[in-house]
Structures are given as C-alpha cells and as structure tokens.
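# Attaching a predicted model along with its sequence, questions to come.
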Amino acid sequence: MDYTDYKIVDGEMFQAFVQSGARHLKRNIKKINDLNVFPIPDGDTGDNMYLTISGGVQEMLREEDRRLWKKARALAGGMLLAARGNSGVILSQIFSGISTGLKEYETVTLQELTEAFQAGVERAYETVVTPVEGTILTVARESAQLLRFADEETTLGEYAEYLLSAMRDSLANTPELLDVLKEAGVVDSGGAGLFMIAEGAAQAVRGENTGEEPGTEQIQPLAAGAPKMDLSLFTSDSVLEFGYCTEFLLRLMHAKTDVEHFDEKVIIDYLSTIGDSIVAFKDGSIVKVHVHTMTPSKAMEFCQQFGEFLTLKIENMNLQHNNHVLQKEVTELGDVQREAEEEATNETAIPTVKRKRRPYATCVVTNGQGIIDIFREMGADEVLMGGQGKNPSARDFMDCFDRLNADSIFVFPNNSNIIMAAEQAAELYKDSRVFVIPSKSIGQAYTAMSMLDISFDTPEEVRDNFLENMNYAATGMVCRACRDYASEDVVAAEEDYVGITSDRLVTASPNRVRTLRDLCVKMGIRDREIATVIYGEDMSEEDRVRIRQLFEEDWPSKEFYEIEGQQELYDLILILE
C-alpha cells in the first residue's frame, strides 16, 4: 500500500514500516559487517542489529492490540531483551525512548513522531556512559534535529525522503568526526545499520517493500533445525541422569482462567517442586515456559489447566550431554536467533541447570573449548558463548542469571562490544545483584579469575578485587588480515598476520611467529614476568615449536605457558602479566 500522501501514522502503519526496515537491514547484513575498522573478519554489527530488531518485531507481531502505543511498547520490550552488541543495545534504547515518547497515542502526526524520535535519541545518549560522536548516536541525533521541519502540511512521503537525506549526510560525515573511521576509510557501521532500517521503512511508505516479514519465522515447531542426535547413545540399559529439557508456549484460555490477571508465579511455584532451571513469563495471553525435569508430563498436565499448547519441545538431556551439545536455554522460543546459536552447539558438553541459592556466582563470556575448560577450572560457574556473530543478548544474560541463582553475580563480558548488553541485562534483572566487570579481553578475565577470592565481607569488595586484579594483564591477538590496510604506523596486505592490542593494530607481517614477536615487544614484555600464549584451532605443530623457541631464546627469564584454546578467529591470544 502507498502511504506517501498520508499525514499521520497508526499502529498498523508503524508495524509495516518497522518490519520493512528490519527486512532491508537483513538484506544488507554483510555490507554492514564489512564496515570494520580493522582488517580482520570479526565485524558483526549487522548481525547484532538485525537480531535485536527482529526480536522486537516478534513481540510486536504477538501484540494483538493494534493501537500504535501498544505496538511500539511491544517492539521496544522485545528489542531490550534481544539486544546484543553495542549498536544493538543503542538501537534498542532508541526504540525504547520512541515508545515512551509515543505515550498512549493511537495515532500520531509527523510532528509528534519527530518528538518521539527525539525522545529515543535522548534515551540512547543517556544509556552510553561516554557518548562518542561519529557513531550511530550522531546519525540518530542529527536526523532527529533536521526532522523538526515537519508541519501539518508535510506528507509521509516527504518526511521519509527528508529522513533518508538527513541520515545519508550524517552517515557520510562520520569519518570526519572519528579518526579511526577516517583512517580505515569506512563510515560507522552502527549508523549504516540505522540508515538501512530507515531506507527499508521508506520503501514501505512508498508501497515497495513486499514479501515475508522479519519475525514470521517464529511460527515453527520448537524442534525445527535442532542438532541431529545420535540416538544410539541412550540405550535400553542407560540411566536417565539429567532429565528432560522441556519448553512450550501456552496460550491462556478464557474458558479456563482469568487471562488478564493470570500470574505466572503459580506455574513457577509448581515447577519448582518437580524441576529446576525454570523460566516462565507472560506475554499477553501467552506464557513461555522452560524447565528441566524428570517428569515433563506433570509440567504439561499442570499448565494445561490454564490453557492449551501452541508449541512443545521435550529433549532428553542425556543425549544432549553425550552428543556434546550446548543447549542454549532460549526462552524466546522459536526465535530467529536459533540458526546462529545452533552453530555453537558443539562447544561444550555440560548442560546447565539452576543451582541452589548461594551468595556469589560468576559468568564469563568466551569461545573455544580449551578456553572454556580453563575458566571452568578457575571457578567460573557459567560460560556463555561469545565471538563473531555470537554475541549474547540481554535475554541470554538474564537466562544465565536465572540458572546461577545467586545473591550477587559477577559478569566478565571480555569484549567491549558485549559490555553494554551485559549492563542492560543487569539493569533489567531484579532477582540478584549483578556486577558487570568491564573486561574487554580474555586476558583481563583470565588474570582476575586466577586470583578469585570471594571471602570478602561485601559483594562490592569482591567486585573491587576483580577490578584491581584484571588490570595486571595486557592482552594481544594475532590473526590474518581480510583486506589491505594502511595507517601511519602499520601497513598490512590481505592475508598478512596482524597484531592487535588495546583496540589498536600495532604490527603486521606475512609470518605468524614474527608478528607474535613484534606484538610482545609492542606490549612491553621486557617489563612483564609471565607470558601465556593461547593457540587457536588451526595452529600447526611447526609454529608451536617456533613459538617455544622464540621465548626460550629471546626471553628465557620469563615464565612461559601454553594453552590449547581452540578459539575460532584469533590464531594466537597473548597474555602478559
């Protein structure tokens, strides 16, 4: 439908515009991922932003009330939980502020829509502790300011085209505001993602963007796309140790209960008597339920007294264990994130269950089976998968907090692009005090966890001890360049090995071991006592031998340790203490 001559926006139009924007963003994920400052294949801004907005679209589609403010509130709530990566978190806050700005309007003029957009920008700026210009924040702010031209005679078509023009100009100017972008020759990836959403929305205004909408993928059987299990690993002589992972969507029925006033705590209290790792929350007339139990039939029978099942999944967790499958505890059942998450299902063999309440617990984000094992040995209670294209969402963190079941929880994000999602989850979570330790690298968490001490009188003292200890480490990474790169200090050809530390590319060469040596020097190994090298999944034995010889010959006085990390992206991770 063509909306170009319209002068107001209602709930159905809002939904159509957002869906179209999400679809257009999805089409351009790779382009946005490739807007990477460093020439390494770790760009995932496009993935993060799409998974964030698609989580909101799903909630918006579930909202049966077609009024504008209801649709906007559902969208914002879903995005807050699905948010991942810095740009995803900022995007979720923009739409959260827009939802607040729309108040309880059933329709809005374009002037009122601009005011709501401005409220979204303000919310996003408030979320970021130190706002940086030349990012998605700038693109949103400058666009909102220029949209104030709208008056009572402005049509939606004119409004959309002006928005695109303003965003395009602002995005093109981001390298002038941020030197790192100018040096890399790219525009800001988060701002580009926001522009793609706006461009998709403009297509819907013109009636151009048709096809399957983002979020409709949710109507799938829960087991769709599940990892293939070797059923022979649970025989007629096996003993069920772990029970069944049981998940379902329950549609509350007016004939069975008071739908509007139904309290999901009734379900939680009952499930607590037959299982653990319980998650149950109400979304309109749907209750999403997850439980680990030996008797899934009892969970189903109890819940069926309130409604009927929309979807249902029951999995034998012994099979999950024996097949070395990491079961992501997804309460956004049927979410479009499943495909990306299932790519990580072979990372560990230990199913997670909700533990007995305790004073303290720790959560570490990482990837690579060897690194996961090291952190578990150090005392990490939960390990969440992280890495390129696999950043945990706010909902993933909150599910983890549920499983940890502690009075105080300490989270190590280990990546500057994950910290904001962890902080958003900590703010939303109410059942524990959550302390996000702002670790930006594996090395910081490795050092802090190696000196784990929870004997202090208060959780604040435990937090401060973590913060102090993690600063003893310096971390660097070595990996291949995915494109040519040149700065004042470093020149790298595609396929060269580059060394990165403290968010700076500091060295490059065609030889992996030479790059590691240069990185050690740049990081000040002379003033350090301990060097730890973590090997990636594709390291050759020949290079391992050369690295040992390097430390024996160049720095014989240093304590040298090797870890088989098996991480995907980085050939080598270097930790100096």
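Arrived safely.
# what about Phe375, distance to Pro39?
As judged by CB to CB, to the nearest Å, Phe375 and Pro39 stand 29 Å apart. Every C-beta, even on glycine, is put in place using the N, C-alpha and C of the backbone.
# helix or strand right after the helix or strand of the chain at the bottom of the mean pLDDT ranking?
Using mean pLDDT, DSSP states H and E, the weakest-scoring helix or strand in the chain turns out to be helix 338-342, at a mean of 37. Note on helix 338-342: by DSSP states H and E, the next helix or strand toward the C-terminus is strand 358-366.
# Packing partners of that following strand?
Counting contacts by 3 or more CB pairs under 8 Å, 6 or more residues apart in numbering; DSSP states H and E, the secondary-structure elements packed against strand 358-366 are helix 369-378, strand 382-385, helix 394-404, strand 406-412, helix 442-450.
# Adjacent strands (with direction) for it?
Each strand paired with strand 358-366, and its direction, by DSSP bridges: strand 382-385 (parallel), strand 406-412 (parallel).
# hey, least reliable of these by pLDDT?
Mean pLDDT per stretch puts strand 382-385 lowest among the strands paired with strand 358-366, at a mean of 90.
# now that one: how far from the chain's centre is it?
Strand 382-385 sits 12 Å away from the centroid of its parent chain (CA atoms, centre = their mean, to the nearest Å).
# before we move on, what about stretch 276-286?
21 Å.
# hmm, who's touching it?
Contacts to stretch 276-286, defined as CB atoms under 8 Å, 6 or more residues apart in numbering, come from residues 59, 62-64, 249-252, 259, 262-264, 267-268, 271-272, 287-293, 307, 310, 329, 331, 352-355, 399, 402-403.
# As a check, name the ranges of all helices in the stretch 151-300 of the chain.
If you assign secondary structure with DSSP state H, counting those that start in this stretch, the helices in the stretch 151-300 of the chain sit at 156-177, 179-184, 189-205, 265-271, 296-303.
# so which of the ones you listed gets nearest Leu91?
Ranking the helices of the stretch 151-300 of the chain by distance to Leu91, with CB to CB as the measure, places helix 189-205 first at 6.9 Å.
# Quick check: which helices or strands does that closest one pack against?
Here helix 189-205 is seen to pack against helix 11-27, helix 29-33, helix 45-62, helix 85-101, helix 136-146, helix 156-177 when contacts are counted using 3+ CB pairs under 8 Å, 6+ apart.
# Kindly reformat those as TSV containing distance to Arg463, mean neighbour count and mean pLDDT.
Putting the helices and strands packed on helix 189-205 into TSV (distance: least, CB to CB, whole Å; neighbours: other CB atoms under 10 Å; pLDDT from 0 to 100) gives the following:
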stretch	distance to Arg463	mean neighbour count	mean pLDDT
helix 11-27	37	22	95
helix 29-33	34	18	91
helix 45-62	27	27	93
helix 85-101	21	26	95
helix 136-146	28	22	95
helix 156-177	34	18	94
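# Any chance of the ones you listed in JSON lines with distance to Ala448 as columns?
Formatted as JSON lines, the entries for the helices and strands packed on helix 189-205 read as follows, by distance: least, CB to CB, whole Å:
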{"stretch": "helix 11-27", "distance to Ala448": "36"}
{"stretch": "helix 29-33", "distance to Ala448": "30"}
{"stretch": "helix 45-62", "distance to Ala448": "26"}
{"stretch": "helix 85-101", "distance to Ala448": "22"}
{"stretch": "helix 136-146", "distance to Ala448": "30"}
{"stretch": "helix 156-177", "distance to Ala448": "34"}
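# which ones are touching the most centrally placed residue in the chain?
Closest residue to the average C-alpha location of the chain: Arg84 at 2.8 Å, with CA atoms, centre = their mean. Contacts for Arg84 were tallied using CB under 8 Å, 6+ apart; they are Asn48, Leu51, Thr52, Asn391, Pro392, Ser393, Ala394, Asp396, Ile418, Ala421.
# Return a selection command, for use in PyMOL, containing the buried ones of those residues.
Selecting only the buried members of those in PyMOL, with burial defined as 16 or more other CB atoms under 10 Å, works like this:
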select buried, resi 48+51+52+391+392+393+394+396+418+421
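# of the contacts of Arg84, closest to Leu75?
In terms of CB to CB, no member of the contacts of Arg84 lies closer to Leu75 than Thr52, at 10.8 Å.
# For the closest one, give me its contacts.
Under the criterion of CB under 8 Å, 6+ apart, the contact list for Thr52 reads Met79, Ala82, Ala83, Arg84, Gly85, Gly88, Val89, Leu91, Ser92, Ser393.
# Name the nearest residue to Leu181, sequence neighbours excluded.
Excluding its sequence neighbours, the residue lying closest to Leu181 (CB to CB, 6 or more residues apart in numbering) is Pro175, at 4.2 Å.
# OK, contacts around that neighbour?
Contact partners of Pro175, counting by CB under 8 Å, 6+ apart, are Gly134, Leu181, Lys182, Gly185, Val186, Val187.
# measure the fifth one to Met196 for me?
The reference is to Val186. Using CB to CB, which is the criterion applied here, Val186 is 15 Å from Met196.
# Those two: which is more packed in?
In this view Val186 and Met196 are compared by other CB atoms under 10 Å, and Met196 has more residues nearby, 25 against 17.
# Next one: the more buried one from Asp34, what distance?
Using CB to CB, one gets 13 Å for the distance from Met196 to Asp34.
# So Pro413 sits against Ile419, correct?
Yes. The pair Pro413 and Ile419 qualifies as a contact (CB atoms under 8 Å) at a distance of 4.7 Å.
# Might you list the low-confidence residue ranges for this protein?
Segments of the chain classed as low confidence (criterion: pLDDT under 70) are 41-42, 209-234, 319-355, 387-389.
# Show me which residues of the helix or strand encompassing Lys313 are buried.
If you go by DSSP H and E, Lys313 is part of strand 307-316. The neighbour-count check on strand 307-316 (16+ other CB under 10 Å) flags Gly307, Leu310, Thr311, Leu312, Lys313, Ile314, Glu315, Asn316 as buried.
# which of the contacts of stretch 276-286 count as buried?
59, 62-63, 249-250, 252, 259, 262, 264, 267, 271, 287-293, 307, 310, 329, 331, 352-354, 399, 402-403.
# quick one: Ile534 and Lys265, what's the gap?
If you measure Ile534 against Lys265 using CB to CB, the figure is 44 Å.
# So which of those two has more stuff around it?
Neighbours per residue (other CB under 10 Å) separate Ile534 from Lys265, with Ile534 holding more: 27 against 10.
# Quick check: which element contains that one?
Under the assignment given by DSSP H and E, the secondary-structure element containing Ile534 is strand 530-536.
# So what's the gap between that strand and the chain middle?
For strand 530-536, the distance to the chain centre is 27 Å (CA atoms, centre = their mean).
# what's the next secondary structure element after it?
Next along the chain after strand 530-536, taking DSSP H and E as the criterion, comes helix 541-554.
# Perfect, I'm done here.
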